[in-house]
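*Asks:* this one's structure only:
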């Protein structure tokens, strides 16, 4: 199966197949033999890729830590890719959903659909653990949708705003 | 509820009630206020008993570690105690049920009701994980009941033999 | 004054420093008592002490700062002494006084010394009077703007406006232009009043690129005083120290002797006893100026312990129990080099935002020359109510160069999952060429650091890992056994990027 | 001979010692390669190295002892040197030779020195020839019973029959009565033949209550030799060291100088290079006798590192890369006291039975003066195929008394769940009055120890804890969330006693 993976600003196309207890991974056509083992819990892995040993930690929030360095990662599989092509192709992948990092109360909404935002502009303010946290735009773009309004409670993971 | 607890060679009668997030424990009539908190996992507890702080680890095998010292422990509750009284009183407390430590197949029964056994005598052989394990008499006594026969499967915790 | 060691000591603190003091007590055969807030029921210190008493709700003002409750616990438990750690009540004159009047030994200096040195203007005057260099400035509280203008006329701009009751960088304000002076003074006085309950301010010359170098001192009740050499603490962010080391990269034998003498003089002139720290600013020409004296155990005390072999907490307990110092100045030698990294529950990639939550996995570094002072454990929920410092990582090695390599190695082993920590920040500092050369000062973070680096590691492996993890998750989903763990991995693929920068 | 540090080194070992060597490499900026058996896919060393190569099934004979495979990995990965750790191939002449002929540096002495010192009779002759005291004995292999009887006539009973190819206590036999001599010799020769492939035996006088004291040495390729003082290793069980310390409680400056000189002589006369250990027996009158020389890094080397500040593994790598020793004998000073406890996956309450399985929870000790050399982590399944040593706990303190208290404190913090370990045994040793006084010898376990103590702790609290745990379990059962965890706790109450002894 093919996957499109975005790691920070870089994109990789991966294809892989399982061979016994190993994976053969084709990263942009280079084949790489990868052995995987759990380290105490399922989100902590040891990867030996081409005999190089890596410590890998998978976090809920779309973060992967490799040898102590944390990368933002997004995985889309073949099906999602097909879907994306149907509904408008590559550009559509550029949408970003800003989600609540924790449960809390929305105490401020600073944008409305159609607003242009720059990286770092405030979008929504959530109060949690007696602290107000302003969620900021991860990049430049246009506000496509706003899903919340002041005074409502949100759960961690709820989508608040979509930027395109 | 009352409990009879055997710790190594010592026996304690405990009565306890919950008060908010604390327990009031009567150990041989002495009341003791005990606060309990989990330490990372449910089998690792912090006990503060009468303001003294204890680190407690509960192991599957009927072992309790308190501040680094491991004790063999057996807990019997009120119901078991009542039952014991109906069927023959205090002496009856001396009964010991030998239970299956794991699911498995009974491949041998070495005693029958009425047999006298000495500590260490074989009682029942259970096969599990391709290993045969012989359950031995924990002490001297008379076999009161045998609940299993060769060829049957048992679950972990099933009573196999009772010695009195 | 008794000379026998205490039989029972109360530690009135939490986190790594409470554990540090409890360990010292355990090694000295002293029974221990501690106090805890409702948020710290399963905290390390609560579990480490022999006795633990709940003293109130999570906020420190309702628990760790409640003087009367802590004194009550000491009396009830029969503790002969109270060690305050650092922070909370460590430099609180009222607390030291309350201990004194209840005949409980306060492990620290007298309330009188705390008061004198806590008033930064008084402390400055005292040191200046003893011939210790101080930074040019008003030398006294300012009542009018005219006075301020006159002082600035003498010492020149830029200047620093400071609160007399401040310290540790709190309530300071730099003035670079004459027209900013008058409003800055008004604001500073008003802030000092509301923050410290005392609006008194004073002015000092602002040193442009100073180093922060401090001397650890020990003084017993019989007039014996020693200093244990220096710690360089110039790696700071908003006046909060982040990395400390000993010896200082700029230290020479001569300068150490000179500054050490000044430190000893500061102790004597202030009638100070117990462990303390004399802080100096050092300018690029290696002129040094008294900054303030900290009347407590410092966060960074283990740096000195590693290079001298002296256990400062045990020395505190010995001094407080009435024993004379067993160390003479000529026996104190700095051997090798030590570095400390303060590990905080903060996200260095997101403006050091506090990152509280449950520690889901913890692997602390080990092996040669590594010391971990930890206040956490796997499964511990870092409370939001207290300082984000969760642990200190220290290394010792024969040379500074080896210590730097060792610290990098130790940081690479540190695994703290469930929250963000400053470990990646420290890795960055330890690779910074200015730091490596030892050519840095208090402007390091602002001017030399350059922020968190772009990822240098292998993006490709991160991509491979993410895909394999999502496949493993699918496999796990197929078996009911792994359902729970798999669920959280599933999110990896399902969520979109962009949700972290809040 | 090159003087530049290696760029890439292969570590041919596993467990804590492999991690120890990998750490040293990382601190020296050396790329690392390691090998692992199928049982060690997720072991610490496999994960710690930059590169890891699988070399075979779990049994050591099919993996860690496969010389040709390890050499192949070295060549394939481009490693310039191989560090063998201890055990496995560390003292294997063939392996050292294979490295030599493949132009891969063996981090250790020459194969010639390994061969000479591996033959205990040859080693003994060499040392005796150099004027180093050896234990009275046959001094050569014995071919007939008559020769043996003659030797015993000279040196008297009791005697020890030893295998020339033995060492570390293996293949030894005590003879106390004359009539036991002949059969003992026949049995010993036969055993030596089958165990070591060499039936040669010799006889030594059996010392009744000796101390085992060894000297760490370092020798470069240019004739420079230093010793780093002694380690006392008399706490042994079946010739396996359990607790080591430095300095030895019986050491004096004079004796150290005398024994140190003998150690240096042993190095020179055997043409030894790299790190090694000269082992001595010391009788109650403080006469010392050469026992054997270990031609490798010892398990207990960190004890010496802690009191000297010298990193022995880094020195090994420097020596092997062709650098001259940077240390001179007069600079070596022993500062403070260090103790090591070997933590094994063994049940001390059940005749030290190996206890393998999954580590379910791990908390290692920390704080001042503590060093942990660990080969495990939470979630690691300790394999049944290798040595039960899983970690080493070391402490340093300014005095032996403080070190003992510190070790007790550190042991009290050690939490290893899922398997039994020797931690409670060490706690017992550290409280033993003979040990505390330093009045012990190799008969300690047999004669002074007295077995594991009865439980001294609070039985009542154990009872309370057990009942509360069973109640918590019921509560957890009531909520589906806790079902899985609760299940295992359930067993506590549901089961009756008596099921453990199967």
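*Replies:* Thanks, I have the structure now. The model shown is predicted, which means the values in this text are computed figures rather than measured ones.
*Asks:* Around residue C:456, how many other residues sit close by?
*Replies:* Neighbourhood size, residue C:456 [other C-beta atoms under 10 Å in any protein chain shown]: 8. Where you see a C-beta, it was placed from the backbone N, CA and C, and this is true even at glycine.
*Asks:* Quick one: residues contacting it.
*Replies:* Counting by C-beta atoms under 8 Å, 6 or more residues apart in numbering or on different chains, residue C:456 touches residue A:69.
*Asks:* Per-residue pLDDT of it, please?
*Replies:* Per-residue pLDDT puts residue C:456 at 75.
*Asks:* helix/strand/coil for it?
*Replies:* Secondary structure state of residue C:456, per DSSP: H, G, I helix; E, B strand; the rest coil, is coil.
*Asks:* Skipping its backbone neighbours, what lies nearest the residue of chain A found nearest chain B in space?
*Replies:* Using C-beta to the nearest C-beta, the closest approach of chain A to chain B is made by residue A:41 at 12.1 Å. Nearest residue to residue A:41, sequence neighbours excluded (C-beta to C-beta, 6 or more residues apart in numbering or on different chains): residue D:379, at 6.2 Å.
*Asks:* so the residue of chain A closest to chain B makes contact with residue C:362?
*Replies:* No. Under the criterion of C-beta atoms under 8 Å, residue A:41 makes no contact with residue C:362, lying 11.9 Å away.
*Asks:* Need the residues that contact the host helix or strand of residue C:275.
*Replies:* Secondary structure assigned from DSSP states H and E places residue C:275 in strand C:274-282. Residues outside strand C:274-282 that contact it (C-beta under 8 Å, 6+ apart): C:107-109, C:135, C:207, C:210-219, C:227, C:250, C:259, C:262-263, C:266-267, C:288-298, C:301, C:312, C:315-316, C:319-320.
*Asks:* mind checking how far that strand is from the chain centre?
*Replies:* 13 Å (C-alpha atoms, centre = their mean, to the nearest Å).
*Asks:* Can you report how many residues neighbour residue 110?
*Replies:* Picked chain A for this. When neighbours are defined as other C-beta under 10 Å, residue A:110 has 18 of them.
*Asks:* nope, chain C please
*Replies:* Residue C:110, neighbours per other C-beta under 10 Å, totals 19.
*Asks:* And it, what's its pLDDT?
*Replies:* Note for residue C:110: predicted pLDDT of 97.
*Asks:* List the residues that contact it.
*Replies:* Contacts for residue C:110 (C-beta under 8 Å, 6+ apart) come out as C:96, C:100, C:271, C:273.
*Asks:* can I get those residues in a markdown table with pLDDT?
*Replies:* Output for those, formatted as a markdown table (pLDDT from 0 to 100):
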| residue | pLDDT |
| --- | --- |
| C:96 | 98 |
| C:100 | 96 |
| C:271 | 96 |
| C:273 | 98 |
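*Asks:* Which of those are buried? Put it as a PyMOL command.
*Replies:* Restricted to buried positions by 16 or more other C-beta atoms under 10 Å in any protein chain shown, the PyMOL selection for those reads:
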select buried, chain C and resi 96+273
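*Asks:* Pull the most distant pair out of the contacts of residue C:110.
*Replies:* The distance between the two most remote of those (C-beta to C-beta) is 14.6 Å, for C:100 and C:271.
*Asks:* Neighbours of the residue of the stretch 101-250 of chain C at minimum distance from chain D, how many?
*Replies:* Closest residue of the stretch 101-250 of chain C to chain D, C-beta to the nearest C-beta: residue C:228 (13.5 Å). By the measure other C-beta under 10 Å, the count of residues near residue C:228 is 29.
*Asks:* Is it in a helix, a strand, or coil?
*Replies:* Quick answer, by three-state DSSP: residue C:228 is strand.
*Asks:* Spit out the contact partners of the closest residue to it other than its chain neighbours.
*Replies:* Of all residues not flanking residue C:228 in the chain, residue C:216 sits nearest, at 4.3 Å (C-beta to C-beta, 6+ apart). Residues counted as contacts of residue C:216 (C-beta under 8 Å, 6+ apart) are C:227, C:228, C:229, C:230, C:231, C:275, C:276, C:277, C:298, C:301, C:304, C:312.
*Asks:* For my notes, confirm residue C:304 occurs in a helix.
*Replies:* Yes. Under three-state DSSP, residue C:304 falls within a helix.
*Asks:* doesn't residue C:5 make contact with residue C:28?
*Replies:* Yes. Here residue C:28 reaches residue C:5: they are 6.1 Å apart, a contact under C-beta under 8 Å.
*Asks:* shared neighbours of those two, anything?
*Replies:* Residues touching both residue C:28 and residue C:5 (C-beta under 8 Å, 6+ apart): residue C:317.
*Asks:* before we move on, the earlier item: more neighbours: residue A:41 and residue C:362, which one.
*Replies:* Counted by other C-beta under 10 Å, residue A:41 and residue C:362 do not tie: residue C:362 has more neighbours, with 22 against 14.
*Asks:* List the contacts of the nearest residue to residue C:301 once chain neighbours are set aside.
*Replies:* Closest residue in space to residue C:301, ignoring its immediate chain neighbours: residue C:312 at 4.8 Å, by C-beta to C-beta, 6+ apart. If you count contacts by C-beta under 8 Å, 6+ apart, residue C:312 has them with C:216, C:218, C:228, C:275, C:297, C:301, C:304, C:305.
*Asks:* show me where chain A has helices.
*Replies:* A:78-86 (DSSP state H).
*Asks:* Tell me where it is predicted with low confidence.
*Replies:* Across chain A, the ranges flagged by pLDDT under 70 are A:79-94, A:102-103, A:128-131, A:156-157.
*Asks:* in the sheet, who's paired with the spatially closest residue to residue A:65 that is not a sequence neighbour?
*Replies:* Leaving aside its sequence neighbours, residue A:65 sits nearest to residue A:57 (C-beta to C-beta, 6+ apart; 4.1 Å). Counting by DSSP bridges, residue A:57 forms beta bridges with residue A:44, residue A:65.
*Asks:* Look at residue A:57 and say how many residues are nearby.
*Replies:* Residue A:57 has 22 neighbouring residues, counting by other C-beta under 10 Å.
*Asks:* what do you get for the one 3 residues further on?
*Replies:* By the measure other C-beta under 10 Å, the count of residues near residue A:60 is 17.
*Asks:* would you say residue C:91 is within a strand?
*Replies:* No. Residue C:91 is assigned coil when assessed by three-state DSSP, not a strand.
*Asks:* show me what contacts it?
*Replies:* Taking C-beta under 8 Å, 6+ apart, we find residue C:91 in contact with C:114, C:118, C:294, C:295, C:296.
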